[in-house]
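Q: Fold the following and give me the result.
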Amino acid sequence: MLASDSGFIRKDVSEIEDELKKSNERYNYVTKATSDAIWDWDIQTDTIYRSESFKSLFGHENMRSTIQFRLDHIHPEDRERVQDTLKTALETNTERWQGEYRFECADGNYKTVLDKGFIIRDEKATAVRMIGAMQDVTEQRQLQLQLKNEEQRKKTEIMKAIIDAQERERYEISHELHDNVSQILTTCKLLLEAALTQPGENKYLEQSKQNIQRAIDEIRSISHRLNPATLRYIGLHGAIEDLATNINNAGKIHVSFSSSLNADKKINEDVELAVFRIIQEQVTNVLKHSDAHSVSISLSEVAGKLSLTISDDGKGHDLQIKKHGLGLKNIFNRAEFYKGTAEINSKPGKGFNLHVEIPLT
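A: Next up, the predicted model:
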């Protein structure tokens, strides 16, 4: 009977040893399968066992340590926060803890880690053990910071472009009010004074009437540029056609417009305004700088994007030499703001081509 019992005991021990061996193998496989530093903290003895990854990540040789060692190597600016959250997790009835902080490597440099732990408790809900993993997220956080800085730089650039554009618009309005409207009204004043001092001279009144009409037209033109209200009433197509007609009537350059867009297609009002402003900006650039005889504007839809092309037959320029002016920067910023793209193509003597695509959804 004793021999039989002994056999059973040996069998039980053997099975336990096999299970323990398999368990250890599983643990080893897990630690090899991940680059995270896996740790096991025996809270009662204050001993932390760590995987081989801890050495490869942070350079520390000792595979056992205490919680104080861990805390001492946390960056001073992060230490109190981590200590407080860990203490709260252990003292409350929670199973999981997570913290992100900077951990000091053996060479004195710091790595940003995301540390996660699972808390094991006894029958009295007292924390007796904690198992977790430290993940090196230094590169991720650096990339996120770079992205944030780049986004801030872009925002600053856009805001500067907006402010510059506003200042330029204010200058142009001031210039036109002073040089055009003000002079017209001054002339009217002189003509009316002449009419008052020379009764019967109706020609002065007629000239005043004409000049007042010119002043009205100038003010209407300035107002239209500032607030293209026609967009609300006649849509993008109508506003572009109206712009082309006004320029063609001036006789300096011929503007043609074509579109394959469905006239009934609903387009976001902000996108419509952005496209119209881009057209205004580029047509102004052509009038000022290109010496062109004609400009063509075309609209279409390509793969869910509104496609705009503006081409002229002007003098063009070498893109490798001449820098983008404020007008083009505004165009690029408007397109980018609506998650679109803007491309330019030009050569000396070959005109200028602007192509813009903006998502419709």
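Q: who's in contact with Ala244?
A: 255-257, 297 (Cβ atoms under 8 Å, 6 or more residues apart in numbering). No exception for glycine: its C-beta is placed from N, CA and C like everyone else's.
Q: do the same with Asp40
A: Each residue near Asp40 by Cβ under 8 Å, 6+ apart is listed here: 48-50, 129-131.
Q: at 7 Å what do you get?
A: 49, 131 (Cβ atoms under 7 Å, 6 or more residues apart in numbering).
Q: Enumerate the positions of the helix or strand containing it that are buried.
A: For Asp40, the element it lies in under DSSP states H and E is strand 37-42. Neighbour-count burial for strand 37-42, counted by 16 or more other Cβ atoms under 10 Å, picks out 37-41.
Q: Out of the residues you listed, the closest to Ala194 would be?
A: Comparing the buried residues of strand 37-42 against Ala194 with Cβ to Cβ places Ala37 closest, at 94.4 Å.
Q: how far away is the closest one from Phe58?
A: 7 Å (Cβ to Cβ, to the nearest Å).
Q: Given the strand holding Asp40, what are its sheet partners and their directions?
A: Paired neighbours of strand 37-42 in the sheet (DSSP bridges): strand 47-50 (antiparallel), strand 127-136 (antiparallel).
Q: in the stretch 101-250 of the chain, which ranges drop under the pLDDT threshold?
A: Within the stretch 101-250 of the chain, the segments meeting pLDDT under 70 span 163, 166-167, 170-171, 174-180, 182, 199-202, 204, 220-230.
Q: 50 instead?
A: By pLDDT under 50, the stretch 101-250 of the chain has no low-scoring segment.
Q: quick one, strands of it?
A: Secondary structure of the stretch 101-250 of the chain, counting by DSSP state E, counting those that start in this stretch: strands at 110-121, 127-136.
Q: closest to Thr66 out of the ones you listed?
A: If you check each of the strands of the stretch 101-250 of the chain against Thr66 by Cβ to Cβ, strand 127-136 wins as the nearest, at 13.0 Å.
Q: Select from the contacts of Ala244 the one having the most neighbours.
A: Val255 (24 neighbours; other Cβ atoms under 10 Å).
Q: Quick check: beta-bridge partners of it?
A: Applying DSSP bridges to Val255, the residues it is bridged with are Val295.
Q: For Thr94, see how far away it is.
A: 70 Å.
Q: do Met134 as well
A: Counting by Cβ to Cβ, the gap from Met134 to Thr94 is 19 Å.
Q: between the two, who's got more neighbours?
A: Neighbour totals were compared for Met134 and Thr94, and Met134 leads with 25 against 12 (other Cβ under 10 Å).
Q: nearest spatial neighbour of the more buried one, skipping sequence neighbours?
A: Leaving out its chain neighbours, the residue that sits closest to Met134 by Cβ to Cβ, 6 or more residues apart in numbering is Ala37, at 4.3 Å.
Q: who are the neighbours in contact with the one you found?
A: Ala37 touches 50-51, 53-54, 57, 133-134, counting by Cβ under 7 Å, 6+ apart.
Q: Drop anything exposed from those residues.
A: Using 16+ other Cβ under 10 Å, the buried ones in these are 50-51, 53-54, 57, 133-134.
Q: Select, out of the strands of the stretch 101-250 of the chain, the one closest to Ala161.
A: In terms of Cβ to Cβ, the element of the strands of the stretch 101-250 of the chain nearest to Ala161 is strand 110-121, at 34.6 Å.
Q: Thank you, goodbye.
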